[in-house]
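Engineer: Mind folding the following:
(one chain, ligands or ions: 1)
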Amino acid sequence: MKLRHLGIIMDGNGRWAEARGLERFEGHKEGFNALLRLIDRAIEREIECLSVFAFSIENWKRPEDERRKLFSLFESAIEKERTNLKDKGIRVVFSGSRENLEKSFVAKMSSLESYTASGKNLTIQVLFNYSGSDEITRLIRRAVGKGIKSPTFDDLLANRDNPELPMPDMIVRSAGEKRLSGFLLLQSGYTELAFYDRLFPDWNAEMIDNIIIEYSKRKRKFGGLI
Ligand code: FPP
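Structural biologist: The predicted structure follows:
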(Lines give C-alpha, C1' and ligand atoms only; values in the text may rest on other atoms or scores of the structure.)
Protein backbone atom coordinates (compact mmCIF):
# COMPACT_ATOMS: atom_id res chain seq x y z
CA MET A 1 0.00 0.00 0.00
CA LYS A 2 1.37 3.38 -0.96
CA LEU A 3 2.41 5.88 1.69
CA ARG A 4 0.26 8.81 0.58
CA HIS A 5 -0.05 10.82 3.78
CA LEU A 6 2.75 11.01 6.35
CA GLY A 7 2.43 12.83 9.66
CA ILE A 8 5.52 14.06 11.47
CA ILE A 9 5.68 15.11 15.11
CA MET A 10 8.85 17.19 15.11
CA ASP A 11 10.20 16.77 18.62
CA GLY A 12 13.54 17.36 20.30
CA ASN A 13 14.45 20.81 19.01
CA GLY A 14 14.96 22.14 22.51
CA ARG A 15 17.07 19.15 23.59
CA TRP A 16 19.20 19.46 20.45
CA ALA A 17 20.02 23.07 21.33
CA GLU A 18 20.51 22.49 25.03
CA ALA A 19 22.97 19.66 24.32
CA ARG A 20 25.08 22.20 22.45
CA GLY A 21 24.79 24.94 25.04
CA LEU A 22 22.62 26.96 22.66
CA GLU A 23 19.38 28.81 23.18
CA ARG A 24 16.33 26.56 22.57
CA PHE A 25 15.32 28.74 19.65
CA GLU A 26 18.45 27.63 17.74
CA GLY A 27 16.99 24.13 17.88
CA HIS A 28 13.74 25.32 16.31
CA LYS A 29 15.72 27.00 13.51
CA GLU A 30 17.59 23.76 12.84
CA GLY A 31 14.32 21.87 13.06
CA PHE A 32 12.97 24.04 10.30
CA ASN A 33 16.03 23.29 8.14
CA ALA A 34 15.46 19.58 8.76
CA LEU A 35 11.87 19.96 7.62
CA LEU A 36 13.03 21.55 4.36
CA ARG A 37 15.32 18.55 3.73
CA LEU A 38 12.46 16.11 4.33
CA ILE A 39 10.09 18.02 2.06
CA ASP A 40 12.43 17.70 -0.93
CA ARG A 41 12.83 13.96 -0.44
CA ALA A 42 9.09 13.52 0.16
CA ILE A 43 8.45 15.02 -3.29
CA GLU A 44 11.08 12.76 -4.88
CA ARG A 45 9.45 9.74 -3.23
CA GLU A 46 5.99 10.86 -4.37
CA ILE A 47 4.42 11.23 -0.97
CA GLU A 48 1.22 13.21 -1.57
CA CYS A 49 0.75 14.85 1.80
CA LEU A 50 2.93 15.72 4.79
CA SER A 51 1.24 16.87 8.01
CA VAL A 52 3.56 18.51 10.50
CA PHE A 53 2.97 19.64 14.08
CA ALA A 54 4.29 23.20 14.18
CA PHE A 55 2.53 24.72 17.20
CA SER A 56 0.05 23.03 19.50
CA ILE A 57 -2.53 24.76 21.67
CA GLU A 58 -0.60 23.27 24.61
CA ASN A 59 2.55 25.09 23.38
CA TRP A 60 0.98 28.36 24.66
CA LYS A 61 2.22 27.19 28.08
CA ARG A 62 5.83 27.83 26.99
CA PRO A 63 7.65 30.97 28.19
CA GLU A 64 6.69 34.10 26.28
CA ASP A 65 10.19 34.59 24.92
CA GLU A 66 10.26 31.14 23.27
CA ARG A 67 6.74 31.64 21.88
CA ARG A 68 7.60 35.03 20.46
CA LYS A 69 10.73 33.69 18.75
CA LEU A 70 8.85 30.67 17.37
CA PHE A 71 6.16 32.92 15.92
CA SER A 72 8.76 35.15 14.31
CA LEU A 73 10.40 32.02 12.82
CA PHE A 74 7.03 30.95 11.41
CA GLU A 75 6.45 34.42 9.97
CA SER A 76 9.85 34.67 8.36
CA ALA A 77 9.53 31.10 7.03
CA ILE A 78 6.22 32.02 5.39
CA GLU A 79 7.81 35.08 3.76
CA LYS A 80 11.14 33.52 2.78
CA GLU A 81 9.96 30.15 1.49
CA ARG A 82 6.87 31.39 -0.36
CA THR A 83 8.36 31.41 -3.85
CA ASN A 84 10.40 28.25 -3.28
CA LEU A 85 7.31 26.38 -2.17
CA LYS A 86 5.31 27.51 -5.18
CA ASP A 87 8.16 26.77 -7.61
CA LYS A 88 8.38 23.23 -6.24
CA GLY A 89 4.65 22.68 -6.77
CA ILE A 90 3.91 22.55 -3.04
CA ARG A 91 0.49 23.48 -1.70
CA VAL A 92 0.44 24.63 1.94
CA VAL A 93 -2.68 24.38 4.07
CA PHE A 94 -3.11 24.99 7.78
CA SER A 95 -5.17 23.12 10.33
CA GLY A 96 -6.00 24.52 13.74
CA SER A 97 -7.92 27.32 15.33
CA ARG A 98 -7.35 30.81 13.94
CA GLU A 99 -9.54 32.47 16.56
CA ASN A 100 -6.98 33.72 19.06
CA LEU A 101 -4.19 34.45 16.59
CA GLU A 102 -3.28 37.99 15.56
CA LYS A 103 -5.18 39.11 12.48
CA SER A 104 -2.00 40.04 10.62
CA PHE A 105 -0.61 36.56 11.25
CA VAL A 106 -3.80 34.85 10.06
CA ALA A 107 -3.70 37.03 6.94
CA LYS A 108 -0.19 35.72 6.18
CA MET A 109 -1.34 32.12 6.64
CA SER A 110 -4.31 32.62 4.29
CA SER A 111 -2.17 34.43 1.76
CA LEU A 112 0.31 31.52 1.66
CA GLU A 113 -2.58 29.09 1.22
CA SER A 114 -4.01 30.97 -1.74
CA TYR A 115 -0.59 31.69 -3.27
CA THR A 116 0.32 27.97 -3.28
CA ALA A 117 -3.20 26.61 -3.95
CA SER A 118 -2.35 25.27 -7.41
CA GLY A 119 0.59 23.12 -6.16
CA LYS A 120 0.25 19.54 -7.42
CA ASN A 121 3.43 17.81 -6.21
CA LEU A 122 2.92 17.78 -2.45
CA THR A 123 0.45 19.15 0.10
CA ILE A 124 1.91 20.25 3.41
CA GLN A 125 -0.67 20.47 6.16
CA VAL A 126 0.78 22.61 8.93
CA LEU A 127 -0.89 21.99 12.29
CA PHE A 128 -0.80 25.38 13.89
CA ASN A 129 -2.58 26.40 17.08
CA TYR A 130 -3.88 22.85 16.87
CA SER A 131 -4.94 20.19 19.29
CA GLY A 132 -6.81 17.00 18.47
CA SER A 133 -9.56 17.67 20.98
CA ASP A 134 -10.01 21.25 19.75
CA GLU A 135 -10.24 20.01 16.16
CA ILE A 136 -12.91 17.46 17.10
CA THR A 137 -14.89 20.10 19.01
CA ARG A 138 -14.70 22.54 16.10
CA LEU A 139 -15.75 20.04 13.48
CA ILE A 140 -18.71 18.78 15.51
CA ARG A 141 -19.83 22.40 15.89
CA ARG A 142 -19.32 22.98 12.17
CA ALA A 143 -21.45 19.93 11.26
CA VAL A 144 -24.17 20.89 13.73
CA GLY A 145 -24.05 24.47 12.46
CA LYS A 146 -24.91 23.14 9.01
CA GLY A 147 -28.06 21.61 10.45
CA ILE A 148 -26.75 18.03 10.79
CA LYS A 149 -28.45 17.04 14.07
CA SER A 150 -26.81 13.68 14.58
CA PRO A 151 -23.51 13.70 12.68
CA THR A 152 -22.06 10.39 11.47
CA PHE A 153 -18.31 9.77 11.46
CA ASP A 154 -18.28 10.61 7.74
CA ASP A 155 -20.06 13.91 8.49
CA LEU A 156 -17.31 14.70 10.99
CA LEU A 157 -14.55 13.86 8.51
CA ALA A 158 -16.25 16.03 5.91
CA ASN A 159 -16.06 18.96 8.32
CA ARG A 160 -12.31 18.83 9.00
CA ASP A 161 -10.24 21.92 8.29
CA ASN A 162 -8.94 20.21 5.14
CA PRO A 163 -11.56 17.57 4.33
CA GLU A 164 -10.01 16.66 0.98
CA LEU A 165 -6.91 15.12 2.59
CA PRO A 166 -6.68 11.32 2.95
CA MET A 167 -6.34 9.75 6.41
CA PRO A 168 -2.72 9.65 7.61
CA ASP A 169 -1.13 6.32 6.58
CA MET A 170 1.78 6.68 8.99
CA ILE A 171 2.66 9.04 11.84
CA VAL A 172 6.24 9.28 13.03
CA ARG A 173 7.75 11.09 15.98
CA SER A 174 11.33 12.07 16.68
CA ALA A 175 13.28 12.31 19.94
CA GLY A 176 12.18 9.08 21.59
CA GLU A 177 8.77 10.08 22.97
CA LYS A 178 6.19 7.41 22.27
CA ARG A 179 2.88 9.22 22.17
CA LEU A 180 0.72 11.08 19.67
CA SER A 181 -0.12 14.12 21.83
CA GLY A 182 -3.46 14.45 20.07
CA PHE A 183 -1.92 14.71 16.59
CA LEU A 184 -4.73 14.11 14.06
CA LEU A 185 -6.65 12.45 16.87
CA LEU A 186 -9.86 11.79 14.94
CA GLN A 187 -8.03 10.59 11.83
CA SER A 188 -5.42 8.26 13.31
CA GLY A 189 -7.45 5.21 14.42
CA TYR A 190 -5.80 2.91 11.85
CA THR A 191 -2.61 4.86 11.23
CA GLU A 192 0.73 3.04 11.39
CA LEU A 193 3.08 4.49 14.00
CA ALA A 194 6.86 4.67 14.25
CA PHE A 195 9.06 6.35 16.82
CA TYR A 196 12.68 7.33 16.32
CA ASP A 197 15.21 8.35 18.95
CA ARG A 198 17.01 10.83 16.69
CA LEU A 199 16.26 14.47 17.60
CA PHE A 200 14.38 16.29 14.86
CA PRO A 201 17.12 18.78 13.89
CA ASP A 202 19.35 15.76 13.08
CA TRP A 203 16.86 14.30 10.61
CA ASN A 204 18.15 14.14 7.06
CA ALA A 205 16.48 13.22 3.77
CA GLU A 206 17.31 9.53 4.28
CA MET A 207 14.82 9.49 7.16
CA ILE A 208 12.07 9.63 4.53
CA ASP A 209 13.59 6.56 2.86
CA ASN A 210 13.79 4.78 6.24
CA ILE A 211 10.17 5.63 6.99
CA ILE A 212 9.01 4.33 3.60
CA ILE A 213 10.91 1.06 4.21
CA GLU A 214 9.34 0.73 7.66
CA TYR A 215 5.88 1.42 6.23
CA SER A 216 6.36 -1.17 3.49
CA LYS A 217 6.87 -3.83 6.20
CA ARG A 218 3.51 -3.16 7.80
CA LYS A 219 0.47 -5.29 7.00
CA ARG A 220 -2.56 -3.04 7.08
CA LYS A 221 -5.66 -5.07 7.75
CA PHE A 222 -8.05 -2.40 9.03
CA GLY A 223 -9.61 -5.01 11.27
CA GLY A 224 -10.02 -7.50 8.44
CA LEU A 225 -8.02 -10.63 7.68
CA ILE A 226 -5.87 -9.66 4.71
C1 FPP B 1 9.04 20.45 19.56
O2 FPP B 1 10.36 20.45 20.07
C3 FPP B 1 8.92 21.36 18.43
C4 FPP B 1 8.11 22.47 18.38
C5 FPP B 1 7.25 22.89 19.49
C6 FPP B 1 8.09 23.36 17.23
C7 FPP B 1 8.27 22.72 15.88
C8 FPP B 1 8.74 23.74 14.96
C9 FPP B 1 9.69 23.58 13.98
C10 FPP B 1 10.35 22.30 13.65
C11 FPP B 1 10.17 24.73 13.22
C12 FPP B 1 9.37 25.36 12.18
C13 FPP B 1 8.29 24.70 11.46
C14 FPP B 1 7.53 25.32 10.49
C15 FPP B 1 6.39 24.58 9.89
C16 FPP B 1 7.78 26.71 10.01
P17 FPP B 1 10.58 20.80 21.60
O18 FPP B 1 10.89 22.25 21.70
O19 FPP B 1 9.39 20.35 22.39
O20 FPP B 1 11.83 19.94 21.94
P21 FPP B 1 12.20 19.38 23.39
O22 FPP B 1 11.18 18.34 23.72
O23 FPP B 1 13.55 18.80 23.17
O24 FPP B 1 12.21 20.53 24.35
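Engineer: Any residues of this structure in contact with the ligand? List them.
Structural biologist: 10-15, 28, 31-32, 35, 52, 54, 59, 73-74, 77, 126, 175 (Cβ under 6 Å from any ligand atom). For every residue, glycine as well, the C-beta is placed using N, CA and C.
Engineer: In helices, which of these fall?
Structural biologist: Mapping the residues of the chain next to the ligand onto helices (DSSP state H) picks out 13, 14, 15, 28, 31, 32, 35, 73, 74, 77.
Engineer: ok, how many other residues are close to the residue lying closest to the second one once chain neighbours are set aside?
Structural biologist: Closest residue to residue 14 apart from its sequence neighbours, by Cβ to Cβ, 6 or more residues apart in numbering: residue 24 at 4.4 Å. Burial measure for residue 24: 18 neighbouring residues, criterion other Cβ atoms under 10 Å.
Engineer: contacting residues around residue 24?
Structural biologist: 13, 14, 17, 18, 66 (Cβ atoms under 8 Å, 6 or more residues apart in numbering).
Engineer: quick one on the thing from earlier: list buried residues within the ones in helices among the residues of the chain next to the ligand.
Structural biologist: Neighbour counting by 16 or more other Cβ atoms under 10 Å classes 13, 14, 15, 28, 31, 32, 35, 73, 74, 77 among these as buried.
Engineer: farthest pair in those?
Structural biologist: Using Cβ to Cβ, these span at most 21.2 Å, a distance reached by 15 and 77.
Engineer: from the contacts of residue 24, which is closest to residue 169?
Structural biologist: Distance to residue 169, by Cβ to Cβ, is smallest for residue 13 among the contacts of residue 24, at 24.9 Å.
Engineer: per-residue confidence at the residue positioned nearest the centre of the chain?
Structural biologist: The centre of the chain sits closest to residue 52, judged by Cα atoms, centre = their mean, with a distance of 1.7 Å. pLDDT for residue 52: 98.
Engineer: residues contacting it?
Structural biologist: For residue 52, the contact set (Cβ under 8 Å, 6+ apart) comprises 7, 8, 10, 35, 124, 125, 126, 127.
Engineer: just residue 94 next, same as before
Structural biologist: Applying Cβ under 8 Å, 6+ apart, the residues near residue 94 are 109, 113, 125, 126, 127, 128, 161.
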